[in-house]
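[1] what follows is a predicted structure for the sequence shown.
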Amino acid sequence: MKVKYLGILLFAILAFYGCDDNTGTLGMSMLPDSDGISATTTTFDVTTKSLLAEKVYAKTSTGYVGKFTDPAPEGFGSYEASFLTELNCTDDFKFPAVYDPEKHVGTMAGDTVVSAQLTIYYSSWFGDSLNPCRMSVYELDKRLENKHYTDINPKEYYGNETDKPHFEKTGYFELHKAYTAYDTSVPDSVRNATDSNGNSLFYPNVTLPLSKLFGNELLQLNRAYQRGENDFFKNSEKFIDNVLKGVYIKTDYGDGTILYVDRVDLQMQFRFHYVDSLGVKLTKKDGKDSLYYSTATVFASTKEVIQANKFESSEELIKKANETGWSYLKSPAGIFTEATLPYDKIHEELSNDTLNAVKLTFTNYNKESNKYKFSMSAPQTVLLLRKKDMDSFFVNNELANNVTSFVATHNSIETNQYTFMNIARLVSACINEKKTAKQKAKEAAGTSWNETAWETEWSEGEGKDWDKVVIIPVVVTYDTNSSTPSIIGIQHDLKPTYAKLKGGDPEQGGTKLQIEVTYTSFNK
């Protein structure tokens, strides 16, 4: 080979492979002994359709509660969000000791609770902030299973028992409270208050009072624990089993608001003595005890305990998923887009070439902006992965590997598209997967090998979803502590979003998408 041509060849190879490291080779493992090299871009057809999600795996510390109806007459209908959560108990939890005038230990003034309440904190919401709603909270009478799918049936976990062990006087509680996402009763001086560092001191919340009797029964169970008479507060497992299995939170009135709940706290207020450095209680000038009141969070929903979100959509969602002229993305737990990729066609035409880049683009239909006050926006980030992996990816807490899974962000300014710049490794991996399966079956069949029969059996069995990928709305978490942020988490997007994508069934009003394949050919 001439030196100048060798230089051109090396430059071309570096140019193609330097654009993206997600490259694959279909039919060649060595460079041929030739002086010619050419790069070509061609296209293949891709078909898409909507895929009803039905349920998704949603392990998250955010709870969603409320109801929202799509304002568009031909929209997605309504969906309701609610959640169940356990409350965590720290190891060896003990309430403060009652003041002992002889030993000068303890600070509580009397062995009783002043008040108890359940507080639901949220930092943001979707929809109408002034929409009147009513929240209902039900104590669970059955332990939550360690499952995080959004089709959970809350009725399996509450309202099935009447008598609660260890709480003979109060039983299982049920709470109700009217609210609006933006509480107009909170004065600006409170809402805008900050600490010395400028951090906000106000945390939007819905507070539901619990009975004082419940608080005292809880307190006395803990006193019994301190005396060694039970082990209910030894750890969160014992606490959940014997004291409080959790709560179910929903709205039973109001439409148009979804709260994004950060935390659920069980808070209790006690009365305390002021004491001096020796532990002796202080008194006022008139001889009366110097007392103060303090409210503390005693148990809270945390990442260490189980939380499960429930989403329930109306029948309109199914109708939208059955439309054939396009496809949809809809969250939460609504609709994905399924695409059939032409692996066989690519292999047939390019088996002797080197695959450099495969670009796949999904284009959104333009929305009528500002037509509705509280309309849903398009998903910011989507995940492309093989259909067969669409559940295990989230269950196993996997990350996009740029081989069988990829992420793309919505270009809302220039193109209104989701573009996966290079899925060449996915194409190569799937083609090689089928080649390996075919070769194995051929060797096993011997002289009775029937390729046509195998193709039929493969497409109906092991390879049923071999050429299928799914586009899913997701939320991506990045490690921002480094100079080059990296992905550290991918979860289903559980906020209300939607996008209408071009595609669908070409035989029923839809259009085919195009996948762009750039490959290198060596001329002999």
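    Noted; the coordinates are in hand.
[2] for residue 119, the count of nearby residues, please.
    By other CB atoms under 10 Å, the residues close to residue 119 number 17. The C-beta positions use only the backbone N, C-alpha and C, and glycine is treated the same way.
[3] what residues sit buried inside the strand or helix carrying it?
    Per DSSP states H and E, residue 119 falls inside strand 115-127. Across strand 115-127, burial judged by 16 or more other CB atoms under 10 Å covers 116, 117, 118, 119, 120, 121, 122, 125, 126, 127.
[4] which residue packs closest to the third one, ignoring adjacent ones?
    So the one you mean is residue 118. In space, and not counting its chain neighbours, residue 118 is closest to residue 208: 4.8 Å by CB to CB, 6 or more residues apart in numbering.
[5] quick one: secondary structure of the residue lying closest to residue 505 once chain neighbours are set aside?
    In space, and not counting its chain neighbours, residue 505 is closest to residue 324: 4.3 Å by CB to CB, 6+ apart. With DSSP: H, G, I helix; E, B strand; the rest coil as the basis, residue 324 sits in coil.
[6] test my guess that residue 324 contacts residue 508.
    Yes. Contact criterion CB atoms under 8 Å: residue 324 and residue 508 qualify, at 3.9 Å.
[7] adding pLDDT and distance to residue 105, write the buried residues of strand 115-127 out as CSV.
    Output for these, formatted as CSV (pLDDT from 0 to 100; distance: CB to CB, whole Å):
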residue, pLDDT, distance to residue 105
116, 98, 25
117, 98, 28
118, 98, 31
119, 98, 30
120, 98, 36
121, 98, 34
122, 98, 40
125, 98, 46
126, 97, 50
127, 96, 52
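[8] now, which of those sits nearest residue 352?
    residue 126 (52.7 Å; CB to CB).
[9] distance of that closest one relative to residue 461?
    43 Å (CB to CB, to the nearest Å).
[10] swap in residue 302?
    44 Å.
[11] who has more neighbours out of the two?
    residue 302 (16 against 8).
[12] report pLDDT for the more buried one.
    pLDDT for residue 302: 93.
[13] shaky segments in the stretch 201-350 of the chain?
    Within the stretch 201-350 of the chain, no stretch has pLDDT under 70.
[14] all helices of it, in order?
    212-226, 236-242, 316-321, 343-350 (DSSP state H, counting those that start in this stretch).
[15] mind checking which of those helices is nearest residue 42?
    Here helix 343-350 is closest among the helices of the stretch 201-350 of the chain (CB to CB), at 7.8 Å.
[16] how far off centre is the host helix or strand of residue 50?
    Secondary-structure assignment from DSSP H and E places residue 50 in strand 36-52. Here strand 36-52 is found 30 Å from its chain centre; the criterion is CA atoms, centre = their mean, to the nearest Å.
[17] and it, what's buried?
    37, 39, 44, 46, 47, 48, 49, 50, 51, 52.
[18] how about the third one, nearest residue that isn't a chain neighbour?
    Which is residue 44. residue 342 (4.3 Å).
[19] and what of the fifth one?
    Excluding the flanking residues, the one nearest residue 47 by CB to CB, 6+ apart is residue 340, at 5.0 Å.
[20] in the sheet, who's paired with that neighbour?
    For residue 340, the beta-bridge assignment (DSSP bridges) gives partners residue 47, residue 468.
[21] related to what we said a few turns ago, parallel or antiparallel, list what pairs with the strand holding residue 119.
    Short version: by DSSP bridges, strand 115-127 pairs with strand 205-210 (antiparallel), strand 257-273 (antiparallel).
[22] most tightly surrounded among those strands?
    With neighbours taken as mean count of other CB atoms under 10 Å, the strands paired with strand 115-127 reach their highest mean count in strand 257-273, at a mean of 21.
[23] just the C-alphas of that one, formatted as PDB.
    C-alpha atoms of strand 257-273 as PDB (Å, rounded to 0.1, in the frame of the first residue of the first chain):
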ATOM      1  CA  THR A 257     -53.600  19.700  41.500                       C
ATOM      2  CA  ILE A 258     -50.900  17.100  42.100                       C
ATOM      3  CA  LEU A 259     -48.600  17.600  45.200                       C
ATOM      4  CA  TYR A 260     -45.000  16.300  45.100                       C
ATOM      5  CA  VAL A 261     -44.600  15.100  48.700                       C
ATOM      6  CA  ASP A 262     -41.100  15.100  50.100                       C
ATOM      7  CA  ARG A 263     -41.700  13.800  53.600                       C
ATOM      8  CA  VAL A 264     -44.400  12.600  56.000                       C
ATOM      9  CA  ASP A 265     -43.700  13.300  59.700                       C
ATOM     10  CA  LEU A 266     -45.500  12.100  62.900                       C
ATOM     11  CA  GLN A 267     -44.900  15.000  65.300                       C
ATOM     12  CA  MET A 268     -45.700  15.300  69.000                       C
ATOM     13  CA  GLN A 269     -45.600  18.200  71.400                       C
ATOM     14  CA  PHE A 270     -44.500  18.000  75.000                       C
ATOM     15  CA  ARG A 271     -44.200  20.400  77.900                       C
ATOM     16  CA  PHE A 272     -40.800  20.700  79.500                       C
ATOM     17  CA  HIS A 273     -39.200  22.300  82.500                       C
END
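[24] relative to helix 212-226, how tilted is that strand?
    In terms of direction (axes from the mean of the first three to the mean of the last three CA atoms, to 10 degrees), strand 257-273 departs from helix 212-226 by 60 degrees.
[25] measure how the strand holding residue 50 sits relative to helix 343-350, angle-wise.
    Using the same axes, to 10 degrees: strand 36-52 against helix 343-350 is 170 degrees.
[26] and strand 36-52, what does it pack against?
    helix 3-19, helix 316-321, strand 327-331, strand 335-340, helix 343-350, strand 354-363, strand 513-523 (3 or more CB pairs under 8 Å, 6 or more residues apart in numbering; DSSP states H and E).
[27] tell me the most buried of the ones you listed?
    Of the helices and strands packed on strand 36-52, strand 327-331 is the most buried (mean count of other CB under 10 Å), at a mean of 26.
[28] which neighbouring elements make contact with that one?
    Using 3+ CB pairs under 8 Å, 6+ apart: strand 327-331 touches strand 36-52, helix 316-321, strand 335-340, strand 468-479, strand 497-501.
[29] out of the ones you listed, which gets the lowest mean score?
    Taking the mean pLDDT of these, strand 36-52 comes last: a mean of 93.
[30] list the strands paired with the helix or strand following that strand, with their directions.
    Counting by DSSP H and E, the next helix or strand C-terminal to strand 36-52 is strand 63-69. If you go by DSSP bridges, strand 63-69 pairs up with strand 78-85 (antiparallel), strand 257-273 (antiparallel).
[31] for residue 246, which of these is the nearest?
    strand 78-85 (5.7 Å).
[32] what's the angle between the closest one and strand 327-331?
    40 degrees.
[33] which outside residues touch strand 78-85?
    63-70, 140, 144, 152, 154, 157, 246-251, 255, 258, 261, 264, 301, 305-314, 316-317, 332, 334, 496 (CB atoms under 8 Å, 6 or more residues apart in numbering).
[34] ok, now stretch 449-464?
    434, 437, 438, 441, 442, 445, 466.
[35] so how do I select the buried members of the residues you listed in ChimeraX?
    Applying 16+ other CB under 10 Å to the contacts of stretch 449-464, the buried members can be selected in ChimeraX as follows:
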select :434,438,441,466
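[36] what two of the contacts of stretch 449-464 are the furthest from one another?
    445 and 466 (19.6 Å).
[37] fine by me, we can end here.
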